[in-house]
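> Show me how the following folds:
(chains A and B)
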Protein chains: 2
Amino acid sequence: MTEILETTDGAVDTLAMASRLSDGHVADNVEILNQLDSEDAAAILLLLPVEMSVQILDKPELYYGAEIIAALPRRTAIILLTEMSSDVAADIVQQLDEPARTELMQGLDRNTRTTIENLLTYPENTAGAMMTTEFVSVPATWTVEQTLQHIRRVERTRETVYAIYVLDAFTRRLVGAVSLRRLIAGEPSTNIMDLSREPVTTLPLIDREDVARLISKHDLLAVPVVDKAGHVLGIVTVDDIIDTIIEENTEDVQKFGGMEATDEPYMQIGLLEMLKKRGGWLAVLFISEMLTASAMQYFEVELEKAIVLTLFIPLIMSSGGNSGSQATSLLIRSLALREVRLGDWWRVALRELPTGLLLGGILGLIGVVRITAWQKLGFYDYGEHWILIAVTVAAALIGVVTFGSLTGSMLPFLLQRAGFDPASASAPFVATLVDVTGLVIYFSVALLILRGTLL
Amino acid sequence: MTEILETTDGAVDTLAMASRLSDGHVADNVEILNQLDSEDAAAILLLLPVEMSVQILDKPELYYGAEIIAALPRRTAIILLTEMSSDVAADIVQQLDEPARTELMQGLDRNTRTTIENLLTYPENTAGAMMTTEFVSVPATWTVEQTLQHIRRVERTRETVYAIYVLDAFTRRLVGAVSLRRLIAGEPSTNIMDLSREPVTTLPLIDREDVARLISKHDLLAVPVVDKAGHVLGIVTVDDIIDTIIEENTEDVQKFGGMEATDEPYMQIGLLEMLKKRGGWLAVLFISEMLTASAMQYFEVELEKAIVLTLFIPLIMSSGGNSGSQATSLLIRSLALREVRLGDWWRVALRELPTGLLLGGILGLIGVVRITAWQKLGFYDYGEHWILIAVTVAAALIGVVTFGSLTGSMLPFLLQRAGFDPASASAPFVATLVDVTGLVIYFSVALLILRGTLL
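This next block holds a predicted model:
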C-alpha cells in the first residue's frame, strides 16, 4: 500500500498526494483513495487532470464514488459525471442523497440526463442496469474506410471500440457486428456488411449472471443489449462482467455460509448491519433446529434407558450435515454452470443414492472399529450389548449419510424449481434439515436393533 | 440443446451433423459435440472446415479435446494442433496417452513442438501454464503505419491483436504496450513508442488467481508474462481469465462445502472418484467429531443426573457451527478480495467478539422464550428448576456463538498464515471445530449454574 502523505499538522497533504497520483496507475490510485475520507479524496480529485479523475470515478472498485461527487464543487461534479461511463454515472446518481442528486441532475446536459434516467429505470442486476451507452455503431451502407475514420473520431468517448455494431441505415435495427481486428484487416473500400457477423445479443431485463455466461461462452469483449424491436440500447463489456462474476462469487459463498449476501467490504459493515445480515438466518435456523429438542423429548424414555446412545448423537448428526453440505456444494455449481438441468434431478438422485450408501458404509465401518477398540482396550465400557450398539451406530450412519446426500443434492433443484436461486441453499440450512431427520433415523434404528436388550 | 441427428440405423449421422455445425456458433457446436462420444465427434470434425475445427478445439469448454485429437487421423490432428492456440494445444498434449502423444509431437514442426514443450514445463495453475504465445510484438523503432501493416498480416494467427507489445529493437526486452484503439487513432508516421504506456506485467510462476486479480484490477484485455530479464514469454487473455475465475469459484464452493475440489462436470464423475473426493474429508471430519463422544463420556455423570440437558445438545452445537460458518464465509471472501489482510486479524477478532456476543444473546433470548412457553403452556415439563435450565441454555448459547464467530473468522487467517489457501476452510470443518468446544462450554456452564440443584 502506498502510504498517505501528511502535512506537518497531520492532515492529508492533498497537493502532494495529487502530484503523486497523477503519475500512478488508475487502479492503484483507486486503492489509495479508498483509504481516505471522501472530503480528502474530493480535494485530491479536484487537483488531478480531468481525464485521470474520470478514470478513477469510472472504476467500480472505488468505494465512495457518490460521496466524493457530492463533496466536489457542483460545476466540477457535473463535468465529471458527463465525461464518465454512463453506467457508472447512473450508479453514482442512484446513491446520491438530496439535494445533491436533484441539483446535479439539473446541471447535466439533456442528453446525459436522459441517458442516466433511462439506465435508472432498469432493475438492479439486469443487463439494462449494467450496460453503458458509449458504444460504436455505424450504418450498414458504410465502407471499412468510413467506419475506421468514424472510430478515430469518437475513440476517446467510447468505452470500447473493439466491437462495432452495424445498424440498418433506415430502421436503425442491429443487423451485424464487426470486430475491430477484422475491420483493420479488411480492404478500405469493402462494405462493412461484408465483414459483419450475426451478433450475439441480450435483452435489457436478462439477469447479469446470464449475461456473464453468454460473454464467457462466446469469448466476447462486449455484448449488445437490444430491445424487442432490435434497437441497440447499450453494451455490457467484459470488464464489467468480470466484476459481476467476482461479486456473484462473494454472494454465493456468503449465502452458502448461511448469511444474507453483502457486497460491502468486511471492515465497512456496521455492527447493526452485521447483526441483520447474520442474525436473521441464525434465528431462523435456531428455531428450525428446535425440532431436534422436540424429537429428543419424544424419545425421552429410550434416552433414559440407554444413556449410552446420547454419546453418539453429535457424531451421527454432524455426519449427515457434512455429507449434505458436500452434495449441495456440488449441485449448486453444477446447476450454475448448466452442467446439470432441472430435469436431471432424478439422474442426480440415482447417483447420490449409491454414493450416500457407500460413504455411510465407510463412516459406519470407522465407527464400529472405534467402539470395538475402546471396548477392547478398556478406554470405555459400553456395557454387555456393545456389539449391538456398534451395529446401531453403523446402521444409523448409513441411513443418515444417505439421507444427507439425497437431501443436500435435491435442495438446489427444489429451490430452482420454486423460482429461487439454487445458490441460496446454505450448508447450515442443509445441516438443520438433516439434523432433525437424522435424530429420528438414529432412534428408530436403535429401537429396531436394541428392543428387548437395552430398550 | 440441438438434437443429435441420426441415420436410419440409429448411428450418429456425422455428415448431416457436420453440415449443420458448419453454420453454427462455435460455442453451441462445442455443447453439441460434448454430448457425443469422441469417435463421432472426431468424424464430424474431419468433415468441418479446418478453421471451425480449430475454433472448436480451442474452447476449454470442450470436454474431450484430447480424446478427439487421438481419434483423428494423425495428419489431421497435427494440422489442427499446429493451428490451435498454443496454450490449449499444450493442455491437450498433456492429456494424450501414448503412443498418440509421442507420434503427434514428432509430427509437429520444430517451432510448434518447442512452444508446446516449453508451456508444459510450467506448473499447473500458473501464468506460464495458462499463457498463449500467439501475441503481437513489434520493435520500438517502428511507426504506427508499419505496426498496422504488420497486424493486418498476422491478424489471423494471433489470439488477440488488441494489445501490442513494444520490444527494444536490440535486447528484445518489453519496453511498452499500445492498445489497438490508440494505434488506429494515432498518426501513421508517429513512432510507436510515443503512444506506448508502461505495461502491467506478470511472471510465469505467478498463481492464476493473482493474474485474474491483476486483469480485473486494471481492466486489461491481456497481460504479458515476462521472464526476469523482461522478455515476453506469452500473454494471458481476458477470456482465459474468465474461465479461470469461474473454475476457481466452483473449487471455492466445493471446498467450502467440505469436499475436495473437482473441475469435472457432475455427471462425468465416476463413483470411485466421487467417493475419493467426498469420502476423505468426510472420514477426517468424522474422526475429529469423535472427540464429541469423548467429551460426553467425560460429562456422563452429569448427563445421567440431568437427562433434560441432552435435549438441547443439538440446538446449542448447531448454533455454534452456524455462526462459525457465517464468519468463515465472510472472511474467506474478504481475504480473497484483499479487503482484509493477514495483519488485520486482530481488528477482525475485535469486531467478531461483540458481534458474536450479540448474536448469541439474540439466540439465548429466543431459547428462554421457548423454554418458558413450553413450561407454562404445559407442552413439556422441564422440572422445578426450569428457570435455571433456561438460564443455562441462554448462557451456553452466548458462549458457543461467540466462540463460533471467533473460530470461524480466525480460521481463514490461520490457514493463510500457514501457507494454505484461506478458501480451504470449510463449513463442516468449522462446525466440527466448534462442536467439541461447544459441548465443553455447555457442560461447564451447566456445572456452574446447576451445581447444588440439578447437578
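
> and residue A:60, that's in a helix?
No. Counting by DSSP: H, G, I helix; E, B strand; the rest coil, residue A:60 falls outside a helix, being coil.

> Next, give phi and psi for it.
phi -70, psi -10 (degrees, to the nearest 10).

> Next, count neighbours for the closest residue to it other than its chain neighbours.
Once flanking residues are discounted, residue A:60 sits nearest to residue A:243: 5.3 Å by Cβ to Cβ, 6 or more residues apart in numbering or on different chains. Where C-beta positions appear, they are placed from N, C-alpha and C, glycine not excepted. For residue A:243, the neighbour count with other Cβ atoms under 10 Å in any protein chain shown is 18.

> Follow the chain on from the helix or strand hosting residue A:243 and name the next helix or strand.
Assigned by DSSP states H and E, residue A:243 falls within helix A:238-256. As assigned by DSSP H and E, the chain's next helix or strand after helix A:238-256 is helix A:271-298.

> helices or strands next to that next one in the packing?
Using 3 or more Cβ pairs under 8 Å, 6 or more residues apart in numbering or on different chains; DSSP states H and E, the elements in contact with helix A:271-298 are helix A:427-450, helix B:313-336, helix B:345-377.

> now those helices as CSV including mean neighbour count?
Shown next, in CSV, are those (neighbours: other Cβ atoms under 10 Å in any protein chain shown):
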stretch, mean neighbour count
helix A:427-450, 23
helix B:313-336, 29
helix B:345-377, 18
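
> Out of the ones you listed, the one nearest residue A:8 is which?
Closest to residue A:8 of those is helix B:345-377 (Cβ to Cβ; 28.4 Å).

> I'd like the mean pLDDT over the closest one, please.
On average, the pLDDT along helix B:345-377 is 94.

> Please compute how far it lies from its chain's middle.
Helix B:345-377 sits 34 Å away from the centroid of its parent chain (Cα atoms, centre = their mean, to the nearest Å).

> now for that helix, which elements pack on it?
Partner elements for helix B:345-377 (3+ Cβ pairs under 8 Å, 6+ apart): helix A:271-298, helix B:313-336, helix B:386-417.

> Highest mean neighbour count out of those helices?
Among the helices and strands packed on helix B:345-377, helix B:313-336 has the highest mean neighbour count (mean count of other Cβ atoms under 10 Å in any protein chain shown), at a mean of 29.

> which other helices and strands contact that helix?
Other helices and strands packing on helix B:313-336, by 3+ Cβ pairs under 8 Å, 6+ apart, are helix A:238-256, helix A:271-298, helix A:313-336, helix A:427-450, helix B:238-256, helix B:345-377, helix B:386-417, helix B:427-450.

> Redo those helices as TSV? Include distance to residue B:225.
Putting the helices and strands packed on helix B:313-336 into TSV (distance: least, Cβ to Cβ, whole Å) gives the following:
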stretch	distance to residue B:225
helix A:238-256	19
helix A:271-298	40
helix A:313-336	29
helix A:427-450	37
helix B:238-256	12
helix B:345-377	33
helix B:386-417	25
helix B:427-450	35
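
> Of these, give the one that comes closest to residue B:13.
The nearest among the helices and strands packed on helix B:313-336, by Cβ to Cβ, is helix A:313-336 at 29.9 Å.

> With just CA atoms, put that closest one into PDB.
Provided in PDB are the C-alpha atoms of helix A:313-336 (Å, rounded to 0.1, in the frame of the first residue of the first chain):
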ATOM      1  CA  ILE A 313     -25.800 -38.100  18.800                       C
ATOM      2  CA  PRO A 314     -23.400 -35.300  17.800                       C
ATOM      3  CA  LEU A 315     -21.300 -37.700  15.700                       C
ATOM      4  CA  ILE A 316     -24.200 -39.100  13.800                       C
ATOM      5  CA  MET A 317     -26.000 -35.700  13.300                       C
ATOM      6  CA  SER A 318     -22.800 -33.900  12.100                       C
ATOM      7  CA  SER A 319     -22.100 -36.700   9.600                       C
ATOM      8  CA  GLY A 320     -25.500 -36.200   8.000                       C
ATOM      9  CA  GLY A 321     -25.000 -32.500   7.800                       C
ATOM     10  CA  ASN A 322     -21.500 -32.800   6.300                       C
ATOM     11  CA  SER A 323     -22.500 -35.200   3.600                       C
ATOM     12  CA  GLY A 324     -25.500 -32.900   2.800                       C
ATOM     13  CA  SER A 325     -23.200 -29.900   2.600                       C
ATOM     14  CA  GLN A 326     -20.900 -31.700   0.200                       C
ATOM     15  CA  ALA A 327     -23.800 -32.700  -2.100                       C
ATOM     16  CA  THR A 328     -25.300 -29.200  -2.000                       C
ATOM     17  CA  SER A 329     -22.000 -27.500  -2.900                       C
ATOM     18  CA  LEU A 330     -21.600 -29.900  -5.900                       C
ATOM     19  CA  LEU A 331     -25.000 -29.400  -7.200                       C
ATOM     20  CA  ILE A 332     -25.100 -25.600  -6.700                       C
ATOM     21  CA  ARG A 333     -22.200 -25.200  -9.000                       C
ATOM     22  CA  SER A 334     -23.400 -27.900 -11.500                       C
ATOM     23  CA  LEU A 335     -26.700 -26.100 -11.800                       C
ATOM     24  CA  ALA A 336     -25.000 -22.700 -12.100                       C
END
